[in-house]
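J.: Could you look at this predicted model? Sequence included:
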Amino acid sequence: MISSDLPSTYQYDFAVIGGGIVGLSTAMALGHRYPDTRILVVEKESTWAAHQTGNNSGVIHSGIYYKPDSLKAKLCREGNHLLIEFCQKHGIDYEICGKIIVATSPEELPLLENLYERGLANGLNLGKVTAEEVKEIEPHISCLAGIRVASTGIVNYRQVCQKYAELVASRGGELRLSTKVMAIVPTSQGYVLETSQGSFPAKFIVNCAGLFSDRVAKLGGVDPQVQIVPFRGEYYELRPEKRYLVKHLIYPVPNPNFPFLGVHFTRMIDGSVHAGPNAVLSLKREGYQKTDINLRDLAEVFTYPGFWKLAAKYAGVGLEEMVRSFSKAAFVRSLQKLIPEVQADDLVPTHAGVRAQALTKEGGLVDDFLLVRGEKAIHVCNAPSPAATASLAIGEAIAHQVF
């Protein structure tokens with residue numbers, strides 16, 4: 001039945017599932033491109049940006065890491081510029097502080113060179129820096145060489161999301177928090193979303209459900225051919241009296257044998273400095289604590305053939321990540337490769353985030369944004385970092401594809 005506060009003939013043109021940064025940016029882009037349409041956003045939590053968006057490191061990424069001509073590279077580069085313009089227009093605090101990526105061992109030097117070439121191929125403003133020049137920028141780093149990435153910045157993505165939501169509402173969109181989608185029923189005109197707060201008919205749905213995007217796609221009758229596997233990233237924070245050790249953003253050269261960036265130092269927009277994250281399997285899709293376990297989530301991972309192929313491929317590196325999760329000393333040793341002065345007493349635990357990573361049945365981690373088309377539907381089934389940076393560009397890309 002139709003929700004009691006809506007007329008029985010009411011139908012939305014677009015229903016967006018998920019109130020993270022991608023869902024809200026998509027709703028905003030749809031409202032801009034189709035100004036006379038009725039748009040609904042439903043979010044199961046009581047606040048916007050409750051999960052991936054609200055627990056990330058707040059970095060405005062440049063796009064240096066991503067394969068040229070990939071969606072990540074293209075949309076991150078576009079999104080970087082769009083996000084900065086958006087923050088300027090709406091008075092949101094941000095800073096383009098730049099970052100340093102450094103090689104700390106001889107075997108990392110060719111990897112650093114490869115990364116530099118990739119950044120140039122992606123059209124970025126980069127500079128090679130010697131160890132001595134790195135010291136002038138970040139006096140406490142120990143390294144052999146580095147890359148300076150000028151266009152990287154920092155922002156509070158919760159504030160960005162709140163402004164997105166305000167703009168969606170100001171243009172007539174309807175925003176519903178605490179509204180969990182339970183079923184998606186096809187109709188001759190589109191779908192009916194059966195939710196915890198009633199039923200909502202819509203001609204077209206956009207699934208931006210993040211950690212549950214694969215399940216929502218299946219509710220909508222689409223097999224995305226991937227499964228979301230949650231990886232928790234744990235952080236420490238430098239004590240205030242030790243913040244002087246980090247002036248910008250400091251990253252290691254990524255390990256080519258592992259699809260994450262490695263632990264790094266991030267200065268946040270509030271002045272704090274976070275160190276991390278590691279990357280360990282979460283036993284719950286929204287499992288921010290080591291003790292968080294959901295039997296359904298766990299069973300899905302352990303019965304998925306792709307997971308065991310992935311585990312076999314990355315067994316050694318994965319074990320190192322688990323050791324870092326349970327051993328502060330091991331975590332600190334990783335950080336000391338970048339800044340030898342950092343000591344265990346300088347660090348206190350802070351929030352963790354959970355990354356929704358799409359995994360194929362063959363054990364491959366999907367390394368690009370993944371948009372899956374359905375009948376009168378688009379399902380965003382892989383949008384990890386740099387999706388926050390790229391959010392405005394992703395929203396526009398989806399809005400161009402809905403019909």
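T.: That came through fine.

J.: just the helices in the stretch 201-350 of the chain please.
T.: Per DSSP state H, counting those that start in this stretch, the stretch 201-350 of the chain carries helices over the ranges 213-219, 295-302, 305-313, 315-326, 328-336.

J.: Now do the contacts for A209.
T.: 17-18, 23, 181, 215-216 (Cβ atoms under 8 Å, 6 or more residues apart in numbering). Any C-beta I mention is one placed from the backbone N, CA and C, and that applies to glycine too.

J.: can you check L245 too?
T.: L245 sits next to 140, 238, 265, 273, 339, 341-342, 346 when contact means Cβ under 8 Å, 6+ apart.

J.: of the residues you listed, closest to E95?
T.: V273 (13.5 Å; Cβ to Cβ).

J.: The closest one and Y236 touch, don't they?
T.: No: if you go by Cβ atoms under 8 Å, V273 and Y236 don't touch, sitting 9.5 Å apart.

J.: that older thread, list buried members of the contacts of A209 by neighbour count.
T.: Neighbour-count burial (16 or more other Cβ atoms under 10 Å) applied to these gives 17-18, 23, 181, 215-216.

J.: These: which two are farthest apart?
T.: Most distant of these, by Cβ to Cβ, are G23 and R215, 15.4 Å apart.

J.: Tell me where the model's unsure across this protein.
T.: 1-9, 257-259 (pLDDT under 70).

J.: ok but K89 is inside a helix, no?
T.: Yes: the assignment for K89 is a helix, going by DSSP: H, G, I helix; E, B strand; the rest coil.

J.: what's around it, how many residues?
T.: Residues lying near K89 (other Cβ atoms under 10 Å) number 9.

J.: give the contact list for it.
T.: No contacts exist for K89 under Cβ under 8 Å, 6+ apart.

J.: how close does it sit to T53?
T.: Distance of K89 to T53, given as Cβ to Cβ, to the nearest Å: 20 Å.

J.: same check, this time on H351
T.: Separation of H351 from T53 (Cβ to Cβ): 13 Å.

J.: ok, these two, which is more surrounded?
T.: T53 (24 against 15).

J.: pretty sure the more buried one is touching G23, no?
T.: No: T53 is beyond contact range of G23, at 9.2 Å (criterion: Cβ under 8 Å).

J.: wait, what's in contact with the closest residue in space to A356 that isn't next to it in sequence?
T.: Excluding the flanking residues, the one nearest A356 by Cβ to Cβ, 6 or more residues apart in numbering is L211, at 4.3 Å. L211 makes contacts with 51-52, 228, 230, 285-286, 354, 356, as judged by Cβ under 8 Å, 6+ apart.

J.: The helices of the stretch 201-350 of the chain: which one's closest to D93?
T.: helix 328-336 (26.7 Å).

J.: List the buried residues in the closest one.
T.: Of the residues in helix 328-336, 331-332, 334-335 count as buried by neighbour count, 16+ other Cβ under 10 Å.

J.: Over to stretch 348-360?
T.: Residues of stretch 348-360 classed as buried: 352-360 (neighbour count, 16+ other Cβ under 10 Å).

J.: mind checking the SS state of F200?
T.: strand.

J.: what pairs with it across the strands?
T.: Counting by DSSP bridges, F200 is bridged to L193.

J.: about what we covered before: quick check: of the contacts of A209, which lies closest to G316?
T.: The shortest gap between G316 and any of the contacts of A209 belongs to R215, at 31.3 Å (Cβ to Cβ).

J.: Which residue ranges of the stretch 51-200 of the chain form helices?
T.: Secondary structure of the stretch 51-200 of the chain by DSSP H, counting those that start in this stretch: the helices cover 71-90, 109-121, 131-137, 157-170.

J.: Same list (those helices) but as TSV, adding distance to V102.
T.: As requested, the helices of the stretch 51-200 of the chain are arranged in TSV below (distance: least, Cβ to Cβ, whole Å):
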stretch	distance to V102
helix 71-90	21
helix 109-121	8
helix 131-137	6
helix 157-170	26
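
J.: mind checking which of the ones you listed is nearest A387?
T.: Of the helices of the stretch 51-200 of the chain, nearest to A387 by Cβ to Cβ is helix 71-90, at 8.6 Å.

J.: ok, back up a step: what's the closest of the helices of the stretch 51-200 of the chain to S391?
T.: That would be helix 71-90 among these, by Cβ to Cβ, at 6.2 Å.

J.: and the closest one, which residues are buried?
T.: Going by neighbour count (16+ other Cβ under 10 Å), the buried part of helix 71-90 is 71-80, 82-84, 86-87.
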